[in-house]
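*Asks:* Attaching a predicted model along with its sequence, questions to come.
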Amino acid sequence: SQQGEEDPQALSIQEGENATMNCSYKTSINNLQWYRQNSGRGLVHLILIRSNEREKHSGRLRVTLDTSKKSSSLLITASRAADTASYFCATTNNYGQNFVFGPGTRLSVLP
Amino acid sequence: SAVISQKPSRDICQRGTSLTIQCQVDSQVTMMFWYRQQPGQSLTLIATANQGSEATYESGFVIDKFPISRPNLTFSTLTVSNMSPEDSSIYLCSVGSGRTNEQFFGPGTRLTVL
């Protein structure tokens, strides 16, 4: 089965710096999504990128998708302490099913 | 987007007992999903709950351990049966946006089994 895998597992940066997280997966996908989870609570949907898209922006977020390498990256620019959270990628297959989460990246933004 | 609530938000239970978690959505949805998140881990899909039919369980999860009800299009329950400390996790329900495949998550139920 396909599985998203993020790296790094943990990332610590200073406020104002950019944070980059990567996600890899194994099989063909319909789309890839990024989520944020604060302190073990519910997940918040950040951004969705479809398999025919290469880059998407939303505010300070930039997501890229390389289907040839089966990988995606999430860039958070000008990070803030409030960005401290765990970030997960999730993929769906070509039927829009089989929602699979990666292990996540724990981001710490230090003031 | 959908607004999802879960009850209870957290609980501490004794080994061998069962806990039923409720999930309420503010709109009618066809499919609801239940996930488990073990401490420090990612989310794992337990089952998909369709209204009017039996839930579909993922590999490694069985109905006897995690019975699910889906009595209508806005509500579902997940029961964690005969609990052991290994069941200590956050349990989350979610619904999908049929058009965009986004998932909207409830706030989660943090379960601790002693």
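*Replies:* That came through fine.
*Asks:* ok now do the residue lying closest to residue A:8 once chain neighbours are set aside, which residues does it touch?
*Replies:* With sequence-adjacent residues excluded and distances taken as Cβ to Cβ, 6 or more residues apart in numbering or on different chains, residue A:8 is closest to residue A:105, at 6.0 Å. Where C-beta positions appear, they are placed from N, C-alpha and C, glycine not excepted. Contact partners of residue A:105, counting by Cβ atoms under 8 Å, 6 or more residues apart in numbering or on different chains, are A:6-11, A:21, A:86-88.
*Asks:* Specify which member of the residues you listed is nearest to chain B.
*Replies:* residue A:88 (6.1 Å; Cβ to the nearest Cβ).
*Asks:* Please provide the alpha-carbon coordinates for the helix or strand hosting residue B:6, formatted as CSV.
*Replies:* Using DSSP states H and E, residue B:6 sits within strand B:4-7. Below are the C-alpha coordinates for strand B:4-7, written out as CSV (Å, rounded to 0.1, in the frame of the first residue of the first chain):
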residue,chain,number,x,y,z
ILE,B,4,-17.2,18.1,13.7
SER,B,5,-17.5,17.5,17.4
GLN,B,6,-16.5,14.5,19.5
LYS,B,7,-17.4,13.2,22.9
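*Asks:* The helix or strand just after it and chain A, any residue contact?
*Replies:* Per DSSP H and E, the first helix or strand lying C-terminal to strand B:4-7 is strand B:10-13. No: counting by Cβ under 8 Å from any Cβ of the partner chain, no contacts exist between strand B:10-13 and chain A, the nearest distance being 10.1 Å.
*Asks:* Quick check: can you name the pairing partners of strand B:10-13 and their directions?
*Replies:* Taking DSSP bridges as the criterion, strand B:10-13 sits next to strand B:109-113 (parallel) in its sheet.
*Asks:* neighbours of residue B:86, just the number please.
*Replies:* 8 (other Cβ atoms under 10 Å in any protein chain shown).
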